[in-house]
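**Q** Return a 3D structure for these sequence lines:
(2 chains)
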Amino acid sequence: MSNEKKERFMRLYEPVHNRFERFCKARVYGEMDYKDLMHDTVVIAFEKFNPKVEPSTFLSFLFGISIRVLANNKKRSDKKSMHLSSLKNADFTHNLSQQQEEIAHLYQALNSLAEIQKETIILFEIVGYSIKEIAALHSSSENAVKQRLHRGRLELKRILSPLVEHQNTLKL
Amino acid sequence: MTDEQLNRLFDVAKNESARVSPNEIADWVDVGVKITPHRKKYFLSSLIIGISALLALLMWWVFSNRTAIAHQIKNEKKPTQSVKSNERSSTGIAFQEKRTTPQPHLKKESTIHSSSKQKDSIHTLLIEKESISENIQPKELLSSEPIVPKNESFELTFQPFALHSQKEMRNVLMILDTIRGYRNATKYKMDQTDCYLHLYNDYVVISYQFRGKFFYASGKIHREETVEVNGHVYRAFAFQRDNQATGTNLGKRIFFGYRELEPESNRIEVVMFSQPWAVTTVIKGHFADINERKQLMERSNEQNRKRKN
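**A** Down below sits the predicted model:
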């Protein structure tokens, strides 16, 4: 019985694994190790897993659990550990390729946005969710989601502009 | 930065390859592994800590009071004198109460710990222990007491009272000096009578007079808190008036608090609240010293003698 459950779970999980990992990586950059979030989410998801769940809703199911795990984690957050974790990420950027460095800068910029705004942009731009799906996940209206996307993008452009100017200077 | 540049960044992030393989996920997913919800963890841990703390408190209380209770039971005597109320009232109903001699004064709030302190003191405290249940109403306290005739004038003096419960050891006597409304700068001196606030264990008596206006309230404290008002921290109390002198305002709740103006300064500030915790009146005073307490007791005894005669 338990093996059947596990097989069913993995069959649903494998197609959404990449998107789920990208979400976790972008969402917790600078706060915690994204593998911890993935691990906690997957374990809880498996515990609460109902084999009758639809494949189309499985990713939303995982995101919902992740959001709650993060909310609980935030309440207990230790500032010291956050500081160390962000240092860890900062060191990591020194040995990256240019592509990875750009992604790291993007994640750092995302980290400075408000939580809900950050989540909305990650789900839309990186995970590929539609506005309707995001509105359902956050229990808000589509207009609110559009507003968050618009403002989030403006803010990101403002934060990342110095980086682009620096890169252009280097090219000269 | 342009929109195109931002979109390019997002495309790069979208196409980044995964570092965790699905096989690792399969290893994580194990039938035996369970994450205990944080709420349950917190609930269990706080339950264990709470029970341990309660047990420790109980043991400490039993141990510390064991000797005191044994000596008190041994030295128990019936009080001999009766005291009368000191509230002026047209109805003139007085509550005849068995008088007890208070302990000698300690400058600030004192805690009665053991019988050895009682032995050393000049006056011994005559305590009639009456354990009153939590649900007793103020009227029940009055029901068994005799009523004196109407139109009797009462003077404002210090009236100690019988101990009603052994809930908390406290004996604070404050002499009240000046009074003003909270939103009023005008300060009035108390009239030349005995104006005081007496906290005795979980019982309180407030009595003062200014500009001919008299205020008296007494009752058992049912609520105790620490309240912050305008940056000052007060020990706040609430009690229901049992008004041992009169039947008016019986059962009405009084909220008040006090604080020391400066540490070791002997000066106090008492505030009266109209409701928790809106300040209406500010009263300044000081802790009674040994002489003041003694004199207050003497005046009280004198008054009682006069009444008897």
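**Q** Show me the helices in chain B, by range?
**A** Secondary structure of chain B by DSSP state H: the helices cover B:3-14, B:22-28, B:38-75, B:115-120, B:138-143, B:290-308.
**Q** Please convert the ones you listed to JSON lines, extending it with distance to B:Met174.
**A** C-beta coordinates here come from the backbone N, C-alpha and C atoms, glycine included. As requested, these are exported to JSON lines (distance: least, CB to CB, whole Å):
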{"stretch": "helix B:3-14", "distance to B:Met174": "69"}
{"stretch": "helix B:22-28", "distance to B:Met174": "66"}
{"stretch": "helix B:38-75", "distance to B:Met174": "26"}
{"stretch": "helix B:115-120", "distance to B:Met174": "21"}
{"stretch": "helix B:138-143", "distance to B:Met174": "24"}
{"stretch": "helix B:290-308", "distance to B:Met174": "10"}
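**Q** what's the closest of these to chain A?
**A** Distance to chain A, taken as CB to the nearest CB, is lowest for helix B:3-14 among the helices of chain B, at 4.2 Å.
**Q** And that closest one, what's buried?
**A** Applying a neighbour-count criterion of 16 or more other CB atoms under 10 Å in any protein chain shown, the buried positions in helix B:3-14 are B:6, B:9-10, B:12-13.
**Q** likewise stretch B:185-197?
**A** Burial within stretch B:185-197, assessed by neighbour count using 16+ other CB under 10 Å, is assigned to B:190, B:193-197.
**Q** for stretch B:252-268, same thing?
**A** B:254-260, B:268.
**Q** Over to stretch A:125-133?
**A** Under the neighbour-count criterion of 16+ other CB under 10 Å, stretch A:125-133 has A:125-127, A:129, A:131, A:133 buried.
**Q** Also stretch A:140-158?
**A** Of the residues in stretch A:140-158, A:145, A:148-149, A:152-153, A:155-157 count as buried by neighbour count, 16+ other CB under 10 Å.
**Q** any chance of these in CSV, with distance to B:Ser274, secondary structure and pLDDT too?
**A** Listed next are the buried residues of stretch A:140-158 as CSV, based on distance: CB to CB, whole Å; DSSP: H, G, I helix; E, B strand; the rest coil; pLDDT from 0 to 100:
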residue, distance to B:Ser274, secondary structure, pLDDT
A:Val145, 49, helix, 93
A:Arg148, 46, helix, 92
A:Leu149, 51, helix, 93
A:Gly152, 49, helix, 92
A:Arg153, 54, helix, 92
A:Glu155, 49, helix, 90
A:Leu156, 53, helix, 90
A:Lys157, 56, helix, 90
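**Q** Tell me the one among those nearest to chain B.
**A** Closest to chain B, out of all of the buried residues of stretch A:140-158 and judged by CB to the nearest CB, is A:Lys157, at 4.4 Å.
**Q** per-residue confidence for residue 2?
**A** Chain wasn't specified; assuming chain A. Listed pLDDT for A:Ser2 reads 65.
**Q** ah, I was thinking of chain B
**A** As predicted, B:Thr2 sits at a pLDDT of 84.
**Q** how much space between it and A:Asp33?
**A** Distance of B:Thr2 to A:Asp33, given as CB to CB, to the nearest Å: 33 Å.
**Q** before we move on, what about B:Ala278?
**A** Looking at B:Ala278 against A:Asp33, where the rule is CB to CB, the gap reads 51 Å.
**Q** One more: A:Gln117?
**A** Using CB to CB, A:Gln117 is found at 23 Å from A:Asp33.
**Q** so what's A:Gln99 closest to, chain neighbours aside?
**A** If you skip the residues right next to it in sequence, A:Gln99 has B:Val12 as its closest partner in space, 5.8 Å away by CB to CB, 6 or more residues apart in numbering or on different chains.
**Q** wait, which of the buried residues of helix B:3-14 is closest to B:Tyr208?
**A** Each of those was scored against B:Tyr208 by CB to CB, and B:Leu6 proved nearest at 73.0 Å.
**Q** With adjacent residues omitted, what lies nearest to B:Leu9?
**A** What sits nearest to B:Leu9 in space, not counting adjacent residues and going by CB to CB, 6+ apart, is A:Leu106, at 4.9 Å.
**Q** So the one you found: helix, strand or coil?
**A** Assigned by DSSP: H, G, I helix; E, B strand; the rest coil, the conformation of A:Leu106 is helix.
**Q** what number of residues lie near B:Gln295?
**A** Neighbouring residues of B:Gln295 were enumerated by other CB atoms under 10 Å in any protein chain shown; the total is 13.
**Q** ditto for B:Lys284
**A** 16.
**Q** Ok, B:Pro276 next?
**A** The burial metric for B:Pro276, expressed as a neighbour count using other CB under 10 Å, is 13.
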